[in-house]
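Q: coords below, sequence missing:
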Ligand SMILES: [Zn+2]
């Protein structure tokens, strides 16, 4: 075929009309490519729908591209392999290291959660499925050329979390970019999102498509206020934080606050996964921004006076009796599981407790119910009355906000033939879609789950 007469087909199998479960099929005519294979998470850490068969035959897929290591982008990969996928998996090196830790941890959480059910089912995958996935997983640096039959690809820095990438696919004179999640350029430790130009098709996230974040000074002050309140009232500050990136950012910020003169306070990092992930951050300093890289060369920017790591269950339980005031940072980020639930049961009934949500809480999650002011919640079958104060911070989000997303698209608006707005709640995706049309005059659409489109690519 002459250049310009190719077509490709894109199908939005997951992450359309929802934030989680990213899974896009891109059929070039000569190859079948998948972009991400994430876990669908709403009411539960792992919703029942994840056990359904894939809507395509995994054995037919040639390459799975992985944008980054968050569970909602990688969580079904071992299952894909168990169900017959025999192609290759491509990501950056940190993403592969992160994926191992995240998939192992997710399996532990799943086993715990499933064991509590009356009719427990098998976990979504086994340890050996994780190993099988890692055995067919190749890594590429940003901008390293990846050959694909009649096309090529490269990873670009998405600036979202350690190792996060956009995927750019080029055939002839046509380019499509899958953004994965796009970073908040004002976050403390990541690098800035690379600028993209001359792109014809864009598949982009929209978690914060309808909102802006508070600025970096405001969010740091809000964190400081929550810590000061806790110290003054001899209370507890609970921070349900994602173990990947959010926790490292919070530790970095508390370190900065102390360096700027804040009186230290006992802080417990009660998140085994976050503690394990610290090694990956130390291993790949070149993937962090210049300031943090500089700091790592001299001391540990994620550690400070008053910080205690509690990897074992025994250490974790001892936190209950540790004297107030205290700050407890624990997973999981949306209170789906993990040690935060034990602390919530223990401390939410006390009006001297503050629960601070440093990021997005998915619809149906315990975190979302608490953030929306629920006065009574059920945690693992136990009713808990909530007297704690709640505070929500969006500035620590690792996602671009509404204005950041629009500025990102604007750089390539002239060449865009279509933008597919995905990975957001419907309200957010539709808001961003309308803004892109109105402000940038681009053809934007928020596809429905399962919808397919043919592209001149
Ligand atoms: Zn992400």
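A: Now that the structure is in, tell me what you want to look at. Every value quoted in this text rests on a predicted model; they were computed, and no experiment measured them.
Q: give me the residue from the stretch 1-150 of the chain nearest the ion.
A: Here the stretch 1-150 of the chain gets closest to the ion at one residue, residue 70, 3.5 Å apart by CB to the ion. Heads up, the C-betas are built off the backbone N, CA and C, glycines and all.
Q: what residues are up against that residue?
A: 38, 102, 161, 181, 242, 244 (CB atoms under 8 Å, 6 or more residues apart in numbering).
Q: now do residue 211
A: Here residue 211 is in contact with 394, 401-402, 428 (CB under 8 Å, 6+ apart).
Q: Turn those residues into a markdown table, including secondary structure.
A: As requested, the contacts of residue 211 are exported to a markdown table (DSSP: H, G, I helix; E, B strand; the rest coil):
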| residue | secondary structure |
| --- | --- |
| 394 | coil |
| 401 | coil |
| 402 | helix |
| 428 | helix |
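Q: I'd like to know how far the residue of the stretch 351-457 of the chain found nearest the ion sits from residue 372.
A: For the stretch 351-457 of the chain, the residue closest to the ion is residue 398, as judged by CB to the ion, at 6.5 Å. Per CB to CB, to the nearest Å, residue 398 is found 22 Å from residue 372.
Q: These two: which is more packed in?
A: Set residue 398 next to residue 372 and count neighbours by other CB atoms under 10 Å: residue 398 wins out with 26 against 10.
Q: Run a quick neighbour tally on residue 214.
A: Here the number of neighbours of residue 214 (other CB under 10 Å) works out to 17.
Q: can you check residue 149 too?
A: Around residue 149 there are 12 residues (other CB under 10 Å).
Q: which residues touch it?
A: 28, 30-31.
Q: so which of those residues is the most crowded?
A: Neighbour-wise, the contacts of residue 149 (other CB under 10 Å) top out at residue 28, 20 neighbours.
Q: Was I right to think it contacts residue 152?
A: No - here residue 28 does not reach residue 152: they are 11.5 Å apart, not a contact under CB atoms under 8 Å.
Q: Show me the longest helix that occurs in this structure.
A: helix 93-115 (DSSP state H).
Q: does any part of that helix sit near the ion?
A: No - figure legend: helix 93-115 not in contact with the ion (CB under 5 Å from the ion); closest approach 10.8 Å.
Q: Distance from the chain centre to the helix or strand following that helix, please.
A: As assigned by DSSP states H and E, the chain's next helix or strand after helix 93-115 is helix 127-135. Computed by CA atoms, centre = their mean, to the nearest Å, the chain-centroid distance of helix 127-135 equals 22 Å.
Q: Give the buried residues for helix 127-135.
A: By neighbour count with 16 or more other CB atoms under 10 Å, helix 127-135 contains the buried residues 129-130, 132-134.
Q: Make TSV from these and add pLDDT and distance to residue 340 to it.
A: As requested, those are exported to TSV (pLDDT from 0 to 100; distance: CB to CB, whole Å):
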residue	pLDDT	distance to residue 340
129	98	27
130	98	24
132	98	31
133	98	28
134	98	28
